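K.L.:
no FASTA, just this:
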Ligand code: GLU
């Protein structure tokens, strides 16, 4: 038998406590690692300091423990990794792959047609204003990656073969923001490589970020992990669960019922006699029965807390 090392991770942003949607992503990633006899690491993505909530990182660790999601080793904390991100940006500059950009959000949002073109995610497609040099007198604010007008193909373990044209669907994207913070796209790529991540299992809201990350990995000479994107969880109104949509924190009672619901939306409903038992017991059952191809692609609606 050949030994295939598996290293997975969960990378929450401590903008608030975990909600049902983040639990589903954590459970899927934990199970996939456990089923492969792999390792499962934790990374606190507190990169966007203004959006982080004091105390949320500790709350998340306690919630994971309470739901039986045990991680290995020390938690990697993104706010302590600026040197690594700066080094990666330096490498991109040396390659001529990035350029300084002076555009403000409001300039980008206003065009001659009033409405800037956006991709299906609602992001503004960068029109390339600073691509060939800053306009006279303009001051650099952010750094953008110059993207190619070719299709990036990748295979998601749940969604199958996908492709995206970065130039047409995303545009030159930001790797260092105007407020001086490094962007998620750069940090996630640097950290997945640093931690040796082989398998990324995360929410489907990040599916269309994947080609950006693969492109950065290619530029930086980093390994591309295998990706799987689990169903997005919405509220009854069809909105993605998030702080903005006031998703409630995972409940502290009735965890067994919540875990059974998480496993059900992942296509792995436990047998009735297990459904209300301790989360760890259900996870142990699910790890034995885990088949990632049984995870649905469509979004699921969260049930109200028990
Ligand atoms: N920090 C991101 C989030 O909480 C996840 C990033 C990732 O898994 O790549 O949505």
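P.N.:
The structure has been received and is ready for your questions. Keep in mind it's a predicted model, so treat the numbers as computed, not measured.

K.L.:
what secondary structure does residue 42 sit in?
P.N.:
Following DSSP: H, G, I helix; E, B strand; the rest coil, the label given to residue 42 is strand.

K.L.:
what sits against the closest residue to it other than its chain neighbours?
P.N.:
The spatially closest residue to residue 42, leaving aside those adjacent along the chain, is residue 71, at 4.1 Å (Cβ to Cβ, 6 or more residues apart in numbering). In short, each C-beta sits where N, CA and C put it, glycine included. Applying Cβ atoms under 8 Å, 6 or more residues apart in numbering to residue 71 gives the contacts 10, 40-42, 64.

K.L.:
what's the pLDDT at the residue of the stretch 201-306 of the chain found nearest the ligand?
P.N.:
Per Cβ to the nearest ligand atom, residue 202 is where the stretch 201-306 of the chain lies closest to the ligand, at 3.7 Å. Residue 202 is assigned a pLDDT of 98 by the prediction.

K.L.:
Can you verify my assumption that it contacts residue 11?
P.N.:
Yes - using Cβ atoms under 8 Å, residue 202 makes contact with residue 11 at a distance of 7.3 Å.

K.L.:
Can you pick out the most distant pair from the contacts of residue 71?
P.N.:
The distance between the two most remote of the contacts of residue 71 (Cβ to Cβ) is 12.1 Å, for 41 and 64.

K.L.:
Next, count neighbours for residue 94.
P.N.:
Residues near residue 94, counting by other Cβ atoms under 10 Å, number 9.

K.L.:
circling back to that earlier point, list the residues that contact both of residue 41 and residue 64?
P.N.:
Joint contacts of residue 41 and residue 64 (Cβ under 8 Å, 6+ apart) are 10, 71.

K.L.:
interface residues of the stretch 201-306 of the chain facing the ligand?
P.N.:
Proximity of the stretch 201-306 of the chain to the ligand is confined to 202, 206 under the rule Cβ under 6 Å from any ligand atom.

K.L.:
Give me the nearest residue to residue 288, chain neighbours excluded.
P.N.:
Per Cβ to Cβ, 6+ apart, closest to residue 288 is residue 35, 7.7 Å.

K.L.:
If we ignore the residues flanking it in sequence, what's nearest residue 214?
P.N.:
residue 224 (5.4 Å).

K.L.:
my guess is that neighbour meets residue 215, correct?
P.N.:
No - if you go by Cβ under 8 Å, residue 224 and residue 215 don't touch, sitting 9.9 Å apart.

K.L.:
picking up where we left off before, tell me the contacts of the residue nearest to residue 214?
P.N.:
154, 214, 217-218.

K.L.:
Neighbour-wise, give me the winner out of those.
P.N.:
Busiest of those [other Cβ under 10 Å] is residue 214, holding 20 neighbours.

K.L.:
just checking, it touches residue 154?
P.N.:
Yes - assessed by Cβ under 8 Å, residue 214 is found in contact with residue 154 at 6.0 Å.

K.L.:
in the protein, which spans are strands?
P.N.:
7-10, 39-44, 76-77, 98-101, 142-145, 151-156, 160-165, 173-176, 199-203, 226-230, 233-234, 300-301 (DSSP state E).

K.L.:
Show the low-confidence segments of the stretch 1-150 of the chain, by residue range.
P.N.:
Counting by pLDDT under 70, the stretch 1-150 of the chain shows low-confidence ranges at 1-4, 110-115.

K.L.:
Could you list the contact residues of it toward the ligand?
P.N.:
So the stretch 1-150 of the chain meets the ligand at 11-13, 45 (Cβ under 6 Å from any ligand atom).

K.L.:
I figured residue 255 was touching residue 280, is that so?
P.N.:
No - Residue 255 is beyond contact range of residue 280, at 9.8 Å (criterion: Cβ under 8 Å).

K.L.:
Compare these two and say which one has the larger neighbour count.
P.N.:
residue 255 (22 against 15).

K.L.:
got the contact list for that one?
P.N.:
66-67, 278-279.

K.L.:
Could you tell me which of the residues you listed count as buried?
P.N.:
67, 279 (16 or more other Cβ atoms under 10 Å).

K.L.:
And the helices in the stretch 101-250 of the chain?
P.N.:
In the stretch 101-250 of the chain, the segments counted as helices under DSSP state H, counting those that start in this stretch are 105-109, 166-169, 184-195, 210-220.
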